[in-house]
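J.: Pasting a predicted model and its sequence here:
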2 protein chains.
Amino acid sequence: MAQPMYHLIADDLRGQIERGDLRPGAQLPTELELREKYEASRNTIRDAIKRLIGLGLVETRPGQGTFVTQKIDPFVTTLTGDQKSGRASGGEGIAYLSEVSEQHRKPAESTPRVEIQVPSAEVALRLRISPGVQVVSRHQQRFIDDIPWSLQTTYYPMEFVTSGKAPMLLMAEDMAEGTVQYLKKAIGLEQVGYRDWITARTPDSNEQTFFRIPHDSTVFEIFRTGFDQNETPMRVTVTVFPADRNQFIVNVGNVPDPQYDLSQSEPETTEPETTEAEK
Amino acid sequence: MAQPMYHLIADDLRGQIERGDLRPGAQLPTELELREKYEASRNTIRDAIKRLIGLGLVETRPGQGTFVTQKIDPFVTTLTGDQKSGRASGGEGIAYLSEVSEQHRKPAESTPRVEIQVPSAEVALRLRISPGVQVVSRHQQRFIDDIPWSLQTTYYPMEFVTSGKAPMLLMAEDMAEGTVQYLKKAIGLEQVGYRDWITARTPDSNEQTFFRIPHDSTVFEIFRTGFDQNETPMRVTVTVFPADRNQFIVNVGNVPDPQYDLSQSEPETTEPETTEAEK
DNA sequence: GCAAATTTGTTCGTATGTATT
DNA sequence: CAATACATACGAACAAATTTG
């Protein structure tokens, strides 16, 4: 037994999925049927399926069956905003709405949840404030084509509001102009650049339920620190993206226009063929 | 039974790890011991441990036991090379060696493996060549402090060598000056910019063995397309990084010098305490 | 170098619970 | 309520890797 049986079964099923014999959304044979087909016990079949789940190829629905996962058409975010001026454009909100629309997809975002809180050590470090000091945070959920896409929280130093100069930061509503533009007008702080710190990790329980992803999947976590004229951090934005539906682009120097049209050149999508009914 | 038993067991062990009762590198009780402690069957214990493996908190070694994973100190790569000029600096090789040294860590790389091959559809698309056309590829393995860090393959159009102008591309050895500089001298093609395309996926079997990572872990895959004066792609570099030991930075506009010194502000590392003997 | 002991890996069988149709 | 399908849990046996005597 060079390879354990559940590896062989998983590999056989993986082949069927990758060759297209089993299309996205299609139902796999039930565990009982697979048990007969491969002449293995139900537990062994389940071990094989667990492997496929780990690879993100299938998902199980209690009472229904096992299904090939629908690959979500990935959304591409450009991290280097306006490369000509090298200048960070508006806030993330504005950039998000326009970038999504450009790709002919429907953006949506929740109204901000505003909180006064003590940020994590990582955020405090980037904002260059002492651990334990309070900040203003604005949190939003973002959707594309009604699919949960990202969770974003931006942290601002408390002085912005205690000084009375930027009261709108506490308003739990969208700022049409964007918070970055607002801060320039209100306080005179201009964001002259930013740094993105890109990491990957497993999702916490909140993220699991919001994105509907398994506990051992991966999310990107991007810390964006915005700097003002004095090279001082004026805000830190933490955005969490599920890795299965997000990609990123970084442009440096002179590059031609992006080609968003090269979405996954897949094996072939011959027929859309609506395979199953949604609940 | 609100929560299944193996969830509760996993959560209890997770708590011990995160509180520091079980330090990185420490061995967990054996399955038999855990079976007695939690009064569950061995299979249930194993389900709990599988969960912890999925979260990347522990690893099992057949014949030895289960151990808390050693977090590898992540290495940070800056994707925007020289932000002042907005110009892509030398080749990746040069940039890699200097960037790693700056962080006081020891870089190493294999001698390049040169091949003539038909690239994947993704690479062909980015190089703007027809599918099925051959290209020159140069492949390298990179290490930091003797740990496998990345796998990199760069693809160049075949004309570069068939024209006889850039024969060094076929030499299976390091180019001290960097291939980007060499191409400028040899063919007159200057890289005036590049675009990075950042994605995440599960590793293939090669990557699993080289990086020693499980089949359901995550790797970053970054496609870097370099453009010449004519806005034409002159090379495509594909680099694969395990997500557990790599992070990335993108600088836009004016930003202060990076602070590499803010490595994970962990719960506390009170005592190093060498827990176990290496083989 | 070999054999025994230890520990995890694989596979089976069985029973019962929970979600969906 | 019944049937179907996946989820959890137990027990058992043997295999494979590693360490120890």
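T.: The structure has been received and is ready for your questions.
J.: what comes up buried for stretch A:45-60?
T.: Neighbour counts over stretch A:45-60 (16 or more other C-beta atoms under 10 Å in any protein chain shown) mark A:45-58 as buried. Backbone N, C-alpha and C define where each C-beta goes, glycine included.
J.: no no, stretch A:224-235
T.: Neighbour-count burial for stretch A:224-235 flags A:224-228, A:233-235 (criterion: 16+ other C-beta under 10 Å).
J.: same thing with stretch A:11-22?
T.: Under the neighbour-count criterion of 16+ other C-beta under 10 Å, stretch A:11-22 has A:13-14, A:17, A:22 buried.
J.: what about chain A, any weak spots by pLDDT?
T.: A:1, A:82-102, A:176-177, A:258-279 (pLDDT under 70).
J.: Please name the residues that touch the nearest residue to A:Thr30 once chain neighbours are set aside.
T.: When the adjacent residues along the chain are set aside, A:Thr30 lies closest to A:Gly65, with 6.0 Å between them (C-beta to C-beta, 6 or more residues apart in numbering or on different chains). The contact partners of A:Gly65, by C-beta atoms under 8 Å, 6 or more residues apart in numbering or on different chains, come to A:27-28, A:30.
J.: out of the buried residues of stretch A:11-22, who's nearest DNA strand D?
T.: Lowest distance from DNA strand D to those (C-beta to the nearest atom of the strand) belongs to A:Leu13, with 12.2 Å.
J.: Closest to A:Glu122 out of the buried residues of stretch A:11-22?
T.: Taking C-beta to C-beta as the measure, A:Glu122 lies nearest A:Arg14 of the buried residues of stretch A:11-22, at 37.4 Å.
J.: Let me see the contact set for the closest one.
T.: Going by C-beta under 8 Å, 6+ apart, A:Arg14 touches A:52, A:55, A:57.
J.: The helix or strand that contains A:Gln16 vs DNA strand C: in contact?
T.: Using DSSP states H and E, A:Gln16 sits within helix A:5-19. Yes - residues of helix A:5-19 contacting DNA strand C under C-beta under 7 Å from any atom of the strand: A:5-7.
J.: Report whether the helix or strand following that helix contacts DNA strand C.
T.: Going down the chain from helix A:5-19, the next helix or strand is helix A:31-38, by DSSP H and E. No - Helix A:31-38 stays clear of DNA strand C (C-beta under 7 Å from any atom of the strand), getting no nearer than 7.8 Å.
J.: and helix A:31-38 with helix A:5-19, angle?
T.: Calculated by axes from the mean of the first three to the mean of the last three C-alpha atoms, to 10 degrees, helix A:31-38 forms an angle of 100 degrees with helix A:5-19.
J.: Could you list the residues in contact with helix A:31-38?
T.: Outside of helix A:31-38, the residues within contact range by C-beta under 8 Å, 6+ apart are A:5, A:9, A:12, A:28-29, A:40-42, A:44-46, A:48-49, A:66.
J.: Also near chain B: which of those residues, exactly?
T.: Subset of the contacts of helix A:31-38 in contact with chain B: empty, counting by C-beta under 8 Å from any C-beta of the partner chain.
J.: Going by distance to DNA strand D, which of those wins?
T.: Distance to DNA strand D across the contacts of helix A:31-38 (C-beta to the nearest atom of the strand) is lowest for A:Thr66, with 4.4 Å.
J.: residues contacting that closest one?
T.: A:27-28, A:30-31, A:49, A:58-60 are the contacts of A:Thr66 under C-beta under 8 Å, 6+ apart.
J.: how close does it sit to A:Met5?
T.: 18 Å (C-beta to C-beta, to the nearest Å).
J.: Repeat that for A:Asp228.
T.: Distance of A:Asp228 to A:Met5, computed by C-beta to C-beta: 62 Å.
J.: Give me the three-state assignment for the closest residue to A:Val240 other than its chain neighbours.
T.: Leaving out its chain neighbours, the residue that sits closest to A:Val240 by C-beta to C-beta, 6+ apart is A:Leu151, at 4.7 Å. Taken by DSSP: H, G, I helix; E, B strand; the rest coil, the conformation at A:Leu151 corresponds to strand.
J.: Also A:Met175?
T.: coil.
J.: That one: neighbouring residues, count only.
T.: By the criterion of other C-beta atoms under 10 Å in any protein chain shown, A:Met175 has 18 neighbours.
J.: isn't A:Gln140 right up against A:Glu109?
T.: Yes - with contact defined as C-beta atoms under 8 Å, A:Gln140 counts as touching A:Glu109 (5.3 Å).
J.: For DNA strand D, what is the nearest residue in the stretch 101-250 of chain A?
T.: Relative to DNA strand D, the nearest point of the stretch 101-250 of chain A is A:Pro214 (10.5 Å; C-beta to the nearest atom of the strand).
J.: what are the ranges of the strands in the stretch 1-150 of chain A?
T.: Counting by DSSP state E, counting those that start in this stretch, the stretch 1-150 of chain A has strands at residues A:58-61, A:65-68, A:75-78, A:107-109, A:113-117, A:135-144, A:147-157.
J.: ok so, going back, which ones are touching the residue nearest to A:Val240?
T.: Shown in contact with A:Leu151 (C-beta under 8 Å, 6+ apart): A:139-142, A:206-207, A:210, A:239-240.
J.: quick one: which of those residues is most hemmed in?
T.: A:Thr239 (23 neighbours).
J.: so what's that one up against?
T.: A:Thr239 touches A:92, A:150-153, A:221-222, A:224, counting by C-beta under 8 Å, 6+ apart.
J.: Show me which residues of the stretch 51-200 of chain A sit near chain B.
T.: Applying C-beta under 8 Å from any C-beta, one finds that the stretch 51-200 of chain A approaches chain B through A:51, A:54-56, A:74, A:76, A:79-81, A:83, A:86-88, A:121-122, A:125-126, A:191-200.
J.: Buried only: go through those residues for me.
T.: Of those, these count as buried by 16+ other C-beta under 10 Å: A:51, A:54-56, A:76, A:79-81, A:83, A:86-88, A:122, A:125-126, A:191-200.
J.: So what sits opposite the residue nearest the centre of chain A in the bridge?
T.: The centroid of chain A falls nearest to A:Phe241 when counting by C-alpha atoms, centre = their mean (1.7 Å). Taking DSSP bridges as the rule, A:Phe241 bridges to A:Phe220.
J.: roughly how far apart are it and DNA strand C?
T.: 27 Å (C-beta to the nearest atom of the strand, to the nearest Å).
J.: my guess is that residue contacts A:Ile222, does it?
T.: Yes - A:Phe241 is in contact with A:Ile222 according to C-beta under 8 Å; the separation is 7.2 Å.
J.: what residues does the stretch 1-150 of chain A put near DNA strand C?
T.: By the rule C-beta under 7 Å from any atom of the strand, the part of the stretch 1-150 of chain A lying against DNA strand C is A:1, A:4-7, A:39-44, A:47, A:61-64.
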